[in-house]
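J.: build me a structure from this.
(one chain, ligands or ions: 2)
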Amino acid sequence: MNAKIIAVVNQKGGAGKTTLAMLLAGSLADAGHGVLLADADPQNTAVHWAGMGACFPAAVEDMSGAAGKLHKVLRQRRGSYDFIVIDSPPAAGAPVTLSALRIADLALVPVIPSPLDLWASVRIREAILAARGKNPDLLARLVVNQMQPNTVLAREVLGMLPEFGIPLLAASLKSRTAYRQCAALGMSIAALGARAGMAILELEALRREVEALLAGNG
Ligand SMILES: Nc1ncnc2c1ncn2[C@@H]1O[C@H](COP(=O)(O)OP(=O)(O)OP(=O)(O)O)[C@@H](O)[C@H]1O
Ligand SMILES: [Mg+2]
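T.: Ligands and ions are numbered 1, 2, ... in the order given. Modelled structure (predicted):
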């Protein structure tokens, strides 16, 4: 095995990095992959999420202490998993974020469709472009989070995204109580069962798009 590494990054606090990282890691694990969630944020929100229940399907480890050596630590670990998902702190210039971007195959940048959030995300775009100096094959996609379809604002902001310089993942995440429930119960989305039907479909589309991208078919 040589795990594909996905770094979930954004300078903006509260954009949904931990939510996206945990939902994606859980979905990949539920689909039968061996998955490690590397919690690179000293706030350790992902570790807390997994600790709320006994059944989170991916391994979740605090790796925030690795700081600028995270890429070296993960190089040692990637033989044991199919996917490693990194949850990062809201700091584009932090050594741990730069180290994550150095080893990642794919950077996912969750953005809430609001101009303020997009402006605050400019620094992560710069960090991704700079990381390609040492990691030229690094793919990157914006992921719209807390999407509110059919609002004029959402359309205007989405219209701005092409200028942002990082392509948009076709799949997005709506604002859903089910995602907060997953965190409260320490679960993946599939574990919520039928009551989370729409959320499960939304996550499945996102997971499949990410799998295809990393298989070179995206
Ligand atoms: N799609 C969503 N639907 C419902 N709630 C969401 C969604 N995405 C994020 N949230 C909620 O928004 C808040 C911030 O999300 P989250 O903690 O994932 O962001 P973050 O980028 O990891 O924040 P930080 O920068 O502090 O690490 C949380 O309360 C989370 O439950
Ligand atoms: Mg977080």
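J.: and the lowest-mean-pLDDT helix or strand in the chain, what does it pack against?
T.: Lowest on mean pLDDT, DSSP states H and E among the helices and strands of the chain sits helix 152-160, with a mean of 78. Applying 3 or more C-beta pairs under 8 Å, 6 or more residues apart in numbering; DSSP states H and E, one finds that helix 152-160 contacts helix 115-120. Glycine gets a C-beta too; all of them are placed from N, C-alpha and C.
J.: packing partners for the helix it packs on?
T.: helix 152-160.
J.: only the buried residues of the helix it packs on, if you could.
T.: 154, 157, 158 (16 or more other C-beta atoms under 10 Å).
J.: show the average pLDDT along the lengthiest helix in the chain.
T.: In the chain, with assignment by DSSP state H, the single longest helix is helix 197-214. For helix 197-214, mean pLDDT rounds to 97.
J.: would you mind listing what in this protein touches ligand 1?
T.: 13-19, 41, 43, 45, 90, 145-146, 173, 175-176, 179-180, 183 (C-beta under 6 Å from any ligand atom).
J.: among the residues you listed, which ones are buried?
T.: Buried subset of the residues of the chain next to ligand 1 (neighbour count, 16+ other C-beta under 10 Å): 15-19, 41, 45, 90, 145-146, 173, 176, 179, 183.
J.: CA atoms only: put the longest helix of the chain into PDB for me.
T.: C-alpha atoms of helix 197-214 as PDB (Å, rounded to 0.1, in the frame of the first residue of the first chain):
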ATOM      1  CA  GLY A 197     -30.300   9.600   3.600                       C
ATOM      2  CA  MET A 198     -29.700  12.800   1.700                       C
ATOM      3  CA  ALA A 199     -26.500  13.500   3.600                       C
ATOM      4  CA  ILE A 200     -25.300   9.900   2.900                       C
ATOM      5  CA  LEU A 201     -25.900  10.500  -0.900                       C
ATOM      6  CA  GLU A 202     -24.100  13.800  -0.800                       C
ATOM      7  CA  LEU A 203     -21.100  12.300   0.900                       C
ATOM      8  CA  GLU A 204     -21.000   9.400  -1.400                       C
ATOM      9  CA  ALA A 205     -20.800  11.700  -4.400                       C
ATOM     10  CA  LEU A 206     -18.000  13.600  -2.800                       C
ATOM     11  CA  ARG A 207     -16.100  10.500  -1.900                       C
ATOM     12  CA  ARG A 208     -16.400   9.100  -5.400                       C
ATOM     13  CA  GLU A 209     -15.200  12.300  -7.000                       C
ATOM     14  CA  VAL A 210     -12.200  12.400  -4.700                       C
ATOM     15  CA  GLU A 211     -11.400   8.700  -5.400                       C
ATOM     16  CA  ALA A 212     -11.600   9.300  -9.200                       C
ATOM     17  CA  LEU A 213      -9.400  12.400  -8.900                       C
ATOM     18  CA  LEU A 214      -6.700  10.500  -7.000                       C
END
